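Colleague: quick one, structure for this:
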Amino acid sequence: TNARTVSLTRFVDFLEKLNAEDHDCPPAQPDTSTENAVRIMSVHNSKGLEFPVVFLADLDRKFNTQDTASNCLIDDINALGLQVIHPESKNRLTSIAHQIIAQKKRDAMYAEEMRILYVAITRARERLYLSASTKISKCEQLVTAAAILSDQPLQDWQLMSAKSPLDWILYGLAHTENLQLALNIESNPKNTEELLDINIIELQDLNNIVNALKQKRFSPPAQPSKPSKASKILLEKINASLNFQYPDINAAKTLAKISVTQYTHANDEFAQTNFENSSTRQPAVLETETQATTPQRLIGAVTHLVLETLDITKPVTQESIKSAITQLHLTDELAKKIDAKKILTFFQTDVGKQTTDPSNIVHREWPFIIAIPSADLTEEATEETIIVQGIVDMIIETPKDLIIVDFKTDRVTAGQTAERAKLYEKQLNLYAKAAAQILNKKVSHKYLYFTTPAKTLKIPD
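Modeller: Now for the predicted structure:
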């Protein structure tokens with residue numbers, strides 16, 4: 001991977017290097033790109049972080065008590081609390097179990113909300129802004145009630161009566177002089193230190209501020225600003241990045257490894273797929289024995305297998321071919337599809353007769369892997385090398401040279417073989433290149449034998 005790639009392997013290497021040097025992980029540093037910026041995040045995401053100035057908004061948000069209002073409540077200890085219906089009045093009443101479980105859930109909710117509020121108000125290092133939107137009369141009631149008991153710690157009933165984080169904050173600051181003066185409450189404040197500043201904005205003033213901000217935001221500038229030199233440089237970098245073109249794009253399009261059939265002809269081995277009556281044809285598993293047809297690819301594969309396993313140490317006859325078919329333990333229907341006579345026809349040709357010559361070595365289903373320059377295989381010339389693998393049906397190695405033979409089971413007539421053979425010229429040329437390079441002999445001839453019309457064609461160099 002390159003230097004920019006983030007991966008598990010690179011992280012593990014980093015930890016192993018720290019361990020080897022007896023070092024600890026350095027503390028996390030804040031993102032330098034946001035040091036002089038406004039970051040908007042949830043309270044949960046701010047855990048462990050500190051900022052010079054923090055704005056904590058929407059403190060009038062109501063606590064979520066839906067978990068306690070359900071008709072059926074379930075406790076962690078598998079207790080079940082239900083609301084019951086009075087049989088006469090049809091009123092819904094809460095059971096004792098329902099009340100107990102609901103109270104537990106409220107306690108857990110208040111505890112979690114307190115933890116969240118604590119995290120939020122402790123993120124600021126220098127200044128903390130708290131904002132909420134609610135009625136002044138409500139704030140006066142809360143502060144007045146709390147100010148009466150300002151000489152005592154907040155009671156549980158006060159904390160549990162809160163409907164929002166704002167209520168807790170008003171309870172906690174009810175004894176301060178600034179808050180009492182802002183709400184016009186006549187009392188004797190216990191704390192006169194000016195630790196906080198309170199600003200109450202009326203609804204009309206707030207609307208004026210919002211409208212002014214909207215007008216400023218959407219009004220066009222008086223004069224179009226000229227881009228700075230730094231902006232021009234940044235724009236040039238962005239354009240260069242967007243218009244970047246990989247210099248070795250041809251190499252990126254070239255496969256590192258390819259098979260001969262991928263390169264030459266994806267369907268070279270057997271006939272093309274037959275799509276006739278495909279919309280009305282039954283699945284093979286539902287066809288009766290008389291309806292079922294053997295796929296041409298399967299017939300071709302078995303034909304190649306017979307040619308591979310056939311005993312050529314002695315003269316090839318129709319009986320020896322049938323014996324080879326029997327030894328494959330094929331189904332009766334598939335065995336009938338293998339034409340022993342057409343296989344025999346090949347061994348009766350001049351090329352086929354050389355397979356039984358004791359002075360020759362016959363390689364059947366000969367696998368190979370060679371490296372070929374990409375310029376020899378693709379139009380996108382690069383300096384890369386492509387690994388080519390394949391299997392040659394037959395190579396007849398004479399004392400002087402090599403003869404390549406490839407068997408084709410395409411469903412073609414004798415008159416169509418010449419045109420079909422053109423599709424396989426690249427394939428035979430690759431076979432010849434591989435055989436000559438590995439066996440260190442010259443390839444003198446290349447042949448295609450089409451089993452369907454029982455015809456042999458010589459491929460020109």
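
Colleague: residue ranges of the helices in the stretch 351-461 of the chain, please?
Modeller: In the stretch 351-461 of the chain, the segments counted as helices under DSSP state H, counting those that start in this stretch are 417-421, 425-439.

Colleague: single out the most deeply packed of those helices.
Modeller: When neighbours are counted by mean count of other CB atoms under 10 Å, the highest per-stretch mean among those falls to helix 425-439, a mean of 19. (C-beta placed from N, C-alpha, C; glycine too.)

Colleague: packing partners for that helix?
Modeller: helix 260-264, strand 361-373, strand 385-397, strand 402-408, strand 443-450 (3 or more CB pairs under 8 Å, 6 or more residues apart in numbering; DSSP states H and E).

Colleague: ok so, going back, what's the closest of the helices of the stretch 351-461 of the chain to residue 301?
Modeller: When the helices of the stretch 351-461 of the chain are ranked by proximity to residue 301, the top entry is helix 425-439, at 17.4 Å, counting by CB to CB.

Colleague: send the alpha carbons of that closest one over as CSV?
Modeller: Extracted as CSV, the C-alpha positions of helix 425-439 are listed here (Å, rounded to 0.1, in the frame of the first residue of the first chain):
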residue,chain,number,x,y,z
GLU,A,425,-5.8,-18.5,-35.0
LYS,A,426,-4.7,-16.3,-32.0
GLN,A,427,-5.2,-19.3,-29.7
LEU,A,428,-3.1,-21.6,-31.8
ASN,A,429,-0.4,-19.0,-32.2
LEU,A,430,-0.2,-18.6,-28.4
TYR,A,431,0.0,-22.4,-28.0
ALA,A,432,2.8,-22.5,-30.5
LYS,A,433,4.7,-19.7,-28.8
ALA,A,434,4.4,-21.5,-25.4
ALA,A,435,5.4,-24.9,-26.7
ALA,A,436,8.4,-23.6,-28.6
GLN,A,437,9.6,-21.6,-25.6
ILE,A,438,9.2,-24.4,-23.1
LEU,A,439,10.1,-27.5,-25.1
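
Colleague: what average pLDDT does that helix get?
Modeller: Mean per-residue pLDDT for helix 425-439: 91.

Colleague: could you give the angle of that helix to strand 443-450?
Modeller: Angle of helix 425-439 versus strand 443-450, following axes from the mean of the first three to the mean of the last three CA atoms, to 10 degrees, is 140 degrees.

Colleague: any idea how far the lowest-mean-pLDDT helix or strand in the chain is from the middle of the chain?
Modeller: Of all the helices and strands that make up the chain, the one with the lowest confidence by mean pLDDT, DSSP states H and E is helix 249-253; it has a mean of 72. Offset of helix 249-253 from its chain centre (CA atoms, centre = their mean, to the nearest Å): 23 Å.

Colleague: return it as PDB; C-alpha atoms alone will do.
Modeller: The C-alpha coordinates for helix 249-253 follow below in PDB (Å, rounded to 0.1, in the frame of the first residue of the first chain):
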ATOM      1  CA  ILE A 249      -3.600   4.400 -17.600                       C
ATOM      2  CA  ASN A 250      -2.900   1.700 -20.200                       C
ATOM      3  CA  ALA A 251      -1.100  -0.400 -17.600                       C
ATOM      4  CA  ALA A 252      -4.100  -0.100 -15.300                       C
ATOM      5  CA  LYS A 253      -6.400  -1.500 -18.000                       C
END
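
Colleague: list the buried residues for that helix?
Modeller: When neighbours are counted by 16 or more other CB atoms under 10 Å, the buried residues of helix 249-253 are found to be residue 250.

Colleague: re the thing from before, among the helices of the stretch 351-461 of the chain, which is nearest residue 22?
Modeller: When those are compared for distance to residue 22 using CB to CB, the nearest one is helix 425-439, at 54.3 Å.
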